[in-house]
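sequence unknown, structure follows:
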């Protein structure tokens, strides 16, 4: 299977096609809608396959509906048969059956640059993945992934242990997560440390050999809905565009994180809902919204 970033770059001068296979958040802050915004903001053409439907807003998830797997298979096959896809982002899948179907079709189409965000819980605390799907994710989907991007609670669930509580514990978790991926080819773990306390957050990027610490300032805002979806889709959009350069995966991740920091910092310009609002996906493209001036 073609998994390497270098082998799946878009032809020179061409805009890469990237697909999100994930759930739908009607508020647009997470899931496929957020992924499409991210792809567009970062210079990729976005495609989408719907793996789950949710009824949710910025405060809660009211319901989850999983479409028939036969139709999910048809969506994937119809798209991949026609469109040359340089990267695939995997988000919310919901059930073991959906997870198995996605893994099967990714193997069939030899999907490249698969970035797997193991979505389990919404920002509101509501569950988005059936427990029965965890084993299927590890056994069937991890072998297809070029990169996995768990946060700390997700890492704890995947490793069947408590979530890391320090950067030192994150190192060991990243090493163990890498052991869940095929050892015979280039694969990456991006372990997100945003759940640790403190004014600075640290993510770890690990390929089984080199561990890269990626620090960043913590931005004081509650508008962080969909940050995990957005970061993983940003990496997927950028991998084909950095291929061939020096340390292309690290370059893609660094660019994605820097762009996301801007999206979080300017999230306050949006007024979406009354809970955890979305980040500003188009912060680099839209004119900054200034507060209205008072009349004399």
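Looks like it came in fine. Treat the numbers as computed from the prediction; the structure is a model and nothing was measured.

how about the helices of the stretch 1-150 of the chain, start to end?
For the stretch 1-150 of the chain, the helices defined by DSSP state H, counting those that start in this stretch cover 31-41, 69-82, 96-108, 132-136.

just so I have it, where are all the strands in the stretch 51-200 of the chain?
61-65, 87-90, 114-116, 147-148, 188-191, 200-206 (DSSP state E, counting those that start in this stretch).

hey, which of the ones you listed is tucked in deepest?
strand 87-90 (a mean of 30; mean count of other Cβ atoms under 10 Å). Heads up, the C-betas are built off the backbone N, CA and C, glycines and all.

Partner strands of that strand and their direction?
strand 17-24 (parallel), strand 114-116 (parallel) (DSSP bridges).

And the contacts of the last one?
Outside of strand 114-116, the residues within contact range by Cβ atoms under 8 Å, 6 or more residues apart in numbering are 3, 87-90, 106, 141-142, 144-149, 232-233, 235-236, 239.

returning to what we had before: can you add distance to residue 215 and mean pLDDT and give the strands paired with strand 87-90 back as JSON lines?
Listed next are those as JSON lines, based on distance: least, Cβ to Cβ, whole Å; pLDDT from 0 to 100:
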{"stretch": "strand 17-24", "distance to residue 215": "27", "mean pLDDT": "97"}
{"stretch": "strand 114-116", "distance to residue 215": "22", "mean pLDDT": "98"}
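
Mind putting the ones you listed into JSON lines with distance to residue 99?
Listed next are the strands paired with strand 87-90 as JSON lines, based on distance: least, Cβ to Cβ, whole Å:
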{"stretch": "strand 17-24", "distance to residue 99": "11"}
{"stretch": "strand 114-116", "distance to residue 99": "10"}
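
Which among these is found nearest to residue 70?
Nearest to residue 70 among the strands paired with strand 87-90 is strand 17-24; the distance by Cβ to Cβ comes to 15.5 Å.

what distance separates stretch 182-189 from the middle of the whole chain?
18 Å (Cα atoms, centre = their mean, to the nearest Å).

ditto for stretch 173-181
Distance, stretch centre to chain centre, for stretch 173-181: 18 Å (Cα atoms, centre = their mean).

pLDDT of that stretch, averaged?
Per-residue pLDDT values over stretch 173-181 give a mean of 97.

before we move on, back to that, which stretch among the strands paired with strand 87-90 comes nearest residue 102?
That would be, of those and by Cβ to Cβ, strand 17-24, which comes in at 5.8 Å.

Just the angle for the closest one relative to strand 61-65, thanks.
Here strand 17-24 runs at 110 degrees with respect to strand 61-65, directions being taken by axes from the mean of the first three to the mean of the last three Cα atoms, to 10 degrees.

Residue 38: what's its closest spatial neighbour, skipping adjacent residues?
The shortest distance from residue 38 to any non-neighbouring residue, by Cβ to Cβ, 6 or more residues apart in numbering, is to residue 233 (4.2 Å).

for residue 64, what are its contacts?
23, 52, 53, 54, 55, 94, 128.

Tell me the one of those residues nearest residue 285?
residue 23 (25.4 Å).
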